[in-house]
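> got a sequence here, can you build the structure:
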Amino acid sequence: MEKILASIITIGDELLIGQTVDTNSAWMARELNQAGIWVQRRVAVGDDRSAIIQALEEEGRQSHIVLITGGLGPTADDITKPVLCEYFGGKLVRDEATYAAVMQMFESRGLPVLQRNVDQALVPDVCTVLPNRRGTAPGMWFGKDEKIYVSMPGVPFEMKGLMEEEVIPRLRERFETPALLHHTLITTGMGESFVAERLSGFEALLPPHIKLAYLPSFGLLKLRLTTVAPDKISAAAELSAEFTKMRDLLTDILVAETDQPMSAILAEKLMTKGLTVGTAESCTGGSIASQITALAGSSQYFSGSVVSYSNEVKMNVLGVQPATLERYGAVSEETVLEMAAGALKVLKTDCVMAVSGIMGPGGGSEEKPVGTVWIAAGGPGSLRAKKYHFRYDRARNIAMTCVAAQNELRKWLERSE
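Residues are numbered from 1 along each chain as shown. You can find the predicted model right below:
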């Protein structure tokens, strides 16, 4: 069965100057992947007629499906609709259903309707209009040379509604897609090249339609097996068998058998054991707590956090001894263990993570360079501390510390099983 290929074009000057981060493409790629459609290219272009037309031509040659987001707003810099009219040989006409929806939306909110809002109902007469139930700019479905082009708003909330309600169902009807399956294993504690060496024999014996990808990320290594096959059931069975072989070769460094953030892996462990956790954070400034509470249901196991950025808070709230700070410094095994012990008392939790380090770019010394971090994790009577040396910029050092702290607690939880 032929693999169905897609390209994603995101439009907007703000994407090219770094003012806005493109989250649309990643979300769209995941949704398409689940529908059995392979995204082979992602392209960002500015609000420029020639750049948009060139991208449409190039991606139309490469893919069966071209999805476009952005440039459909009511202001003068939003030029996608007239460019699409030019490219597909149509003219703008008013879509009455869209016009009625726009009028109803503004009237229900008691807002005046401007001409530029009314113009949102203008669409190329050569497209199929896709109703946007979350905004004023409709989606537009075009066909050309047996290829499908779909234009959607760049606002993520609106784009997601159109994808879920209109685009994906129509693509499933239009194309007979193969089963496109992934299975991901997460490891830690061994570098990519060493893992690859360990798996060299396994990888050499993989069937040609199953591919292994190595994906390093913040102290973790994800190993993803991917297959494309006509039959989903047989493909899933074959992929599962190969995944089991790979997992059995990596049991000593295994973190999880599903692709999920460390906070979700930790949540699963805590809920299974019925334990609560808290954090005492210095260098991460509450980022660990933020990652934990980003998950729905985290109130079941997360009690709270003490962001002890200053030494005064370490002493006055967590009970770190002044003599400890004076003798060993804030970034030390002794201090982080006292932070953790204090957090257990203050937060009244079953277990805790505590971190103190030097994130940079300044603040380091020859003895404690930038990237030095001490992490303590565990419960009453079983706290352990470990020293890490990260070597990145401030943002990545913080991200690495968050993952490492949660991983240390994960290991403590597994040791106590």
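> output the contacting helices and strands for the strand or helix carrying R30.
Take DSSP states H and E as the rule and R30 turns out to sit in helix 24-34. Applying 3 or more C-beta pairs under 8 Å, 6 or more residues apart in numbering; DSSP states H and E, one finds that helix 24-34 makes contact with strand 4-11, strand 37-45, strand 65-69, helix 156-162, helix 168-174. Quick note: C-beta positions are derived from backbone N, CA and C, even for glycine.
> nearest to L239, of these?
Comparing the helices and strands packed on helix 24-34 by their distance to L239 (C-beta to C-beta), the top pick is strand 37-45, with 15.9 Å.
> tell me the first helix or strand C-terminal of that closest one.
The C-terminal neighbour of strand 37-45 among helices and strands, as given by DSSP H and E, is helix 49-62.
> which residues are in contact with K232?
Counting by C-beta atoms under 8 Å, 6 or more residues apart in numbering, K232 makes contact with A179, L181.
> now the strand or helix carrying T401: buried residues?
Using DSSP H and E, T401 sits within helix 394-415. Of the residues in helix 394-415, those scored as buried under the neighbour-count criterion (16 or more other C-beta atoms under 10 Å) are 394, 397-413.
> quick one: the helices in the stretch 101-250 of the chain, in order.
Counting by DSSP state H, counting those that start in this stretch, the segments of the stretch 101-250 of the chain that form helices are 115-118, 156-162, 168-174, 192-198, 200-204, 232-248.
> spatially nearest residue to E414 (excluding sequence neighbours)?
Taking C-beta to C-beta, 6 or more residues apart in numbering, and ignoring the residues beside it in sequence, E414 has K269 as its nearest neighbour in space, at 7.4 Å.
> for the worst-scoring helix or strand of the chain on mean pLDDT, which outside residues touch it?
Among the secondary structure pieces of the chain, namely its helices and strands, helix 115-118 has the lowest mean (mean pLDDT, DSSP states H and E), a mean of 86. For helix 115-118, the surrounding residues in contact (C-beta under 8 Å, 6+ apart) are P74, T75, Y99, V102, M103, F106, T136.
> give the buried residues for it.
Of the residues in helix 115-118, those with enough neighbours to count as buried (16+ other C-beta under 10 Å) are N117, V118.
> state the mean pLDDT of stretch 206-215.
Averaging the model's pLDDT scores along stretch 206-215 yields 95.
> now that stretch: buried residues?
Across stretch 206-215, burial judged by 16+ other C-beta under 10 Å covers L206, I210.
> ok, stretch 315-326 next?
The neighbour-count criterion (16+ other C-beta under 10 Å) identifies M315, V317, L318, V320, T324, L325 as the buried residues of stretch 315-326.
> so the fifth one, which state does it fall into?
Translated: T324. For T324, the reduced secondary structure class is helix; criterion used: DSSP: H, G, I helix; E, B strand; the rest coil.
> with E367 instead?
Reducing the assignment to helix, strand or coil with three-state DSSP, the entry for E367 is coil.
> ok, it - how many residues close by?
Residue crowding around E367 was assessed by other C-beta atoms under 10 Å; the count is 8.
> contacts for stretch 239-249, please.
With C-beta under 8 Å, 6+ apart, stretch 239-249 has contacts from 181, 183, 185, 198-199, 202, 206-207, 210, 212, 223, 225, 227, 254, 257.
> TSV for the buried residues of stretch 315-326, including distance to L250 and pLDDT?
Shown next, in TSV, are the buried residues of stretch 315-326 (distance: C-beta to C-beta, whole Å; pLDDT from 0 to 100):
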residue	distance to L250	pLDDT
M315	43	98
V317	41	98
L318	38	98
V320	39	98
T324	39	98
L325	41	98
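> tell me where the model's unsure across this protein.
Residues of the chain meeting the criterion pLDDT under 70: 1.
> domain assignment for it?
Structural domains annotated on the chain: 4-174, 179-256, 262-415, as defined by automatic domain parsing.
> so which of those domains is the most surrounded?
Mean neighbour counts were taken over those using mean count of other C-beta atoms under 10 Å, and the top value, a mean of 19, falls to domain 262-415.
> can you give me the end-to-end span of that one?
One end of domain 262-415 sits 17 Å from the other (C-alpha to C-alpha, to the nearest Å).
> pull the distance from it to the chain's centre.
Counting by C-alpha atoms, centre = their mean, to the nearest Å, domain 262-415 is centred 23 Å from the centre of its parent chain.
> contact partners of stretch 253-260?
Applying C-beta under 8 Å, 6+ apart, the set of residues contacting stretch 253-260 is 182, 184-190, 195, 220, 222, 224, 243, 247, 262, 265, 407, 410.
> rerun that using 10 Å as the cut-off
Contacts to stretch 253-260, defined as C-beta atoms under 10 Å, 6 or more residues apart in numbering, come from residues 182-190, 194-195, 198, 215, 220-222, 224, 243-244, 247-248, 262, 264-269, 295, 407, 410-411, 414.
> that one: how far from the chain's middle?
On the basis of C-alpha atoms, centre = their mean, the separation between the geometric centre of stretch 253-260 and that of its chain is 16 Å.
> kindly report the same for stretch 237-244.
Average the C-alpha atoms of stretch 237-244, do the same for its chain, and the two points are 25 Å apart (C-alpha atoms, centre = their mean).
> need the outlier residue of this protein, farthest from its centre.
The C-alpha centroid of the chain is most remote from A323, which lies 42.8 Å away (C-alpha atoms, centre = their mean).
> skipping its backbone neighbours, what lies nearest E165 in space?
The spatially closest residue to E165, leaving aside those adjacent along the chain, is R133, at 7.0 Å (C-beta to C-beta, 6+ apart).
> and for T187?
Excluding its sequence neighbours, the residue lying closest to T187 (C-beta to C-beta, 6+ apart) is I253, at 4.3 Å.
> Y149 versus that neighbour, what's the distance?
Look at I253 and Y149: by C-beta to C-beta, to the nearest Å, they are 45 Å apart.
> can you check A241 too?
When C-beta to C-beta is applied, the distance between A241 and Y149 equals 39 Å.
> in the protein, which residue is most central in space?
The residue lying closest to the centre of the chain (C-alpha atoms, centre = their mean) is A26, at 7.6 Å.
> now do the contacts for it.
By C-beta under 10 Å, 6+ apart, A26 lies in contact with I8, V39, R42.
> show me what the last one is bridged to.
Spelled out, it's R42. The residues paired with R42 through beta bridges, assigned by DSSP bridges, are I8.
> surely it touches S7?
Yes. R42 is in contact with S7 according to C-beta atoms under 10 Å; the separation is 7.4 Å.
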